[in-house]
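In: here's my sequence, what's the structure:
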Amino acid sequence: MTALGFASGLPWALSGPTLRMWMANEHLGLGLIGLTANIGLAYLLKFVWAPVFDEIKPLFLGRRRGWLILVQLALAAAIAALALSDPLTHPGLTLSLGALVAFFSASQDILIDAWRIESFAPRLQGAALACEVWGWRAAFLVSNAGVIALSVKTGWHVAILLMAGLALLGPLATLLAREPEVLRETMPAGIGARFAVAVREPLTEFLSRRGAAVVVGFIVLFRLGGALGGVMLAPFYTSLGFNRAAIAVANGPVSLVCGLAGTALGGLLVVRIGVARALLLTSLLQVAALAMYPLLGWFPAQPHILVAISAVESFTDAFSDTAFLSYMSGLCHPEHTATQYALLSSLAPLALHTVGGLSGFLAAKIGFIPFFLFAAACALPGIALLLVILKFYPPRDARAGVPPS
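Out: Okay, here's the model as predicted:
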């Protein structure tokens, strides 16, 4: 799970924060940088093609591993193409290649999540997720702070091209994994009929549950504040005079250690106090972390403050991921694992890949400090919906075995 988590985390930064830092370094406009949030629409729409992975079995290595190998090889090729592009002279091509990286990355996530849910018992999902997030965090450090630091010496093209080579660790991890054994219902004959059932049944089953609309609303709003604030971090740091070396240090080993600690604590608390209370705690921590960013504007050119804030953000993000992903995993029915989890995890970044694209225009209009205070306030509606869920539609315990109906 750690190795597959590494494979999942590596491309995410390349089509997101690292790409934004590259564009900020080339002095492209805030509006264009903000629009990079929209190139990740694949993470939002991945439920559309997730049924293909459930219903069509490759000719080799099984349903999950066969697809994973194909997707991971295509992902490595897309990262290499992104590395060879030039955002200054051809920003449209760079954004298109970033979107292609996001598409294959989202497809890989569908398959990794399905493999995890099908391979581990419900009581072990929290531990499996902790291992996955550990690997994801390590990969994020490499493809974000690592690429930024390396670009100072080698330039952006070489630094990102090396990530294409690292992406080949994904197929190696897949070959070492074991194909899960899952009993599936007999499907009707014909590709069209099978695809209709594969799409309709998972959606019908989920939406028929009590409180489904409230759950969907919470998943969409849970990361609204972070979606707005995170997109503008690269230009914010640059506007304060921090160079690439300082930013790489802030996002380096200290942030990694804090991220791993947050993941471990998140996994432990999910098991010890349950998903419900862990979710509430992490929601409050996210608001506190977002409210810290204005400190950089009030006390500019202070590297130690940048390091401290990055460390806190890494801890809260990792803690949040473990609790939130455990909650979504518990919502999936065993018969529709890939499709339902793809749908739920597509809803989670909805804010990032829609309104997040407007963050650059908003920050340019009102200024960075008011913008980050506004982003912190935008996390409050998600907390309100969570309180409703905890009172009327509490999530099942991590040790339970059947999704609520």
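In: going by C-alpha atoms from here, please, whenever you check contacts or count neighbours.
Out: OK.
In: sketch out the low-pLDDT regions of the stretch 301-405 of the chain for me.
Out: For the stretch 301-405 of the chain, residues meeting the criterion pLDDT under 70 lie at 301, 334-338, 342, 349, 351-357, 395-405.
In: which parts of it are helices?
Out: 303-330, 337-347, 359-366, 368-377, 380-392 (DSSP state H, counting those that start in this stretch).
In: out of these, nearest to Leu61?
Out: Shortest separation from Leu61 across those is recorded for helix 337-347, at 17.5 Å, computed as C-alpha to C-alpha.
In: which helices and strands sit right next to the closest one?
Out: Here helix 337-347 touches helix 41-45, helix 50-55, helix 91-119, helix 191-207, helix 212-221, helix 303-330, going by 3 or more C-alpha pairs under 8 Å, 6 or more residues apart in numbering; DSSP states H and E.
In: run through who's touching it.
Out: Contact with helix 337-347 is made by 43-47, 50-51, 53-54, 110-111, 113-114, 117-118, 198-199, 202-203, 206, 216, 219-220, 328-329, 332-333, as judged by C-alpha atoms under 8 Å, 6 or more residues apart in numbering.
In: please state the offset of it from the chain centre?
Out: Averaging C-alpha positions (C-alpha atoms, centre = their mean, to the nearest Å) puts helix 337-347 13 Å from its chain's average.
In: among the helices of the stretch 301-405 of the chain, which is the most enclosed?
Out: Stretch with highest mean neighbour count among these: helix 337-347 (a mean of 25; mean count of other C-alpha atoms under 10 Å).
In: tell me the angle of it relative to helix 303-330?
Out: 140 degrees (axes from the mean of the first three to the mean of the last three C-alpha atoms, to 10 degrees).
In: need the CA coordinates for helix 337-347. PDB is fine.
Out: Extracted C-alpha coordinates of helix 337-347, given in PDB (Å, rounded to 0.1, in the frame of the first residue of the first chain):
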ATOM      1  CA  THR A 337     -16.400  -0.700  -5.000                       C
ATOM      2  CA  ALA A 338     -14.600   1.000  -7.900                       C
ATOM      3  CA  THR A 339     -17.600   2.900  -9.200                       C
ATOM      4  CA  GLN A 340     -18.900   4.200  -5.900                       C
ATOM      5  CA  TYR A 341     -15.500   5.100  -4.500                       C
ATOM      6  CA  ALA A 342     -14.700   6.900  -7.800                       C
ATOM      7  CA  LEU A 343     -17.900   8.800  -7.500                       C
ATOM      8  CA  LEU A 344     -17.400   9.800  -3.900                       C
ATOM      9  CA  SER A 345     -13.700  10.700  -4.400                       C
ATOM     10  CA  SER A 346     -14.700  12.700  -7.500                       C
ATOM     11  CA  LEU A 347     -17.100  14.800  -5.500                       C
END
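In: name the helix or strand of this structure that has the lowest mean pLDDT.
Out: When the helices and strands of the chain are scored by mean pLDDT, DSSP states H and E, helix 191-207 comes last with a mean of 67.
In: what subset of the contacts of helix 337-347 is buried?
Out: The neighbour count (16 or more other C-alpha atoms under 10 Å) marks 43-47, 50-51, 53-54, 110-111, 113-114, 117-118, 198-199, 202, 206, 216, 219-220, 328-329, 332-333 as buried among the contacts of helix 337-347.
In: okay, now Trp298: neighbour count?
Out: Residues contacting Trp298 under the criterion other C-alpha atoms under 10 Å number 9.
In: local confidence estimate at it?
Out: pLDDT for Trp298: 78.
In: quick thing: my sequence starts at 51, can you match it?
Out: New numbering, starting at 51: the last item is Trp348.
In: got a list of what it touches?
Out: Contacts of Trp348 (C-alpha under 8 Å, 6+ apart): none.
In: for Met378, same thing?
Out: 391, 394-395.
In: ends of stretch 213-228, what's the gap?
Out: 26 Å (C-alpha to C-alpha, to the nearest Å).
In: backbone dihedrals for Gly66, please?
Out: Backbone torsions of Gly66, given as degrees, to the nearest 10, read phi -130, psi -110.
In: what about it, neighbour count?
Out: 22.
In: what about it, distance to Leu211?
Out: Applying C-alpha to C-alpha to Gly66 and Leu211 gives a distance of 16 Å.
In: ok so, going back, could the helices of the stretch 351-455 of the chain go into CSV alongside distance to Cys181?
Out: Shown next, in CSV, are the helices of the stretch 351-455 of the chain (distance: least, C-alpha to C-alpha, whole Å):
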stretch, distance to Cys181
helix 353-380, 10
helix 387-397, 18
helix 409-416, 32
helix 418-427, 29
helix 430-442, 26
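In: still on that earlier bit, so which of the contacts of Met378 comes closest to Ala298?
Out: Ser395 (28.8 Å).
In: in stretch 255-267, what counts as buried?
Out: Quick answer for stretch 255-267 (16+ other C-alpha under 10 Å): 256, 264-267.
In: reformat these into JSON lines and put distance to Leu200 next to each item.
Out: Putting these into JSON lines (distance: C-alpha to C-alpha, whole Å) gives the following:
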{"residue": "Phe256", "distance to Leu200": "45"}
{"residue": "Val264", "distance to Leu200": "44"}
{"residue": "Val265", "distance to Leu200": "42"}
{"residue": "Val266", "distance to Leu200": "40"}
{"residue": "Gly267", "distance to Leu200": "40"}
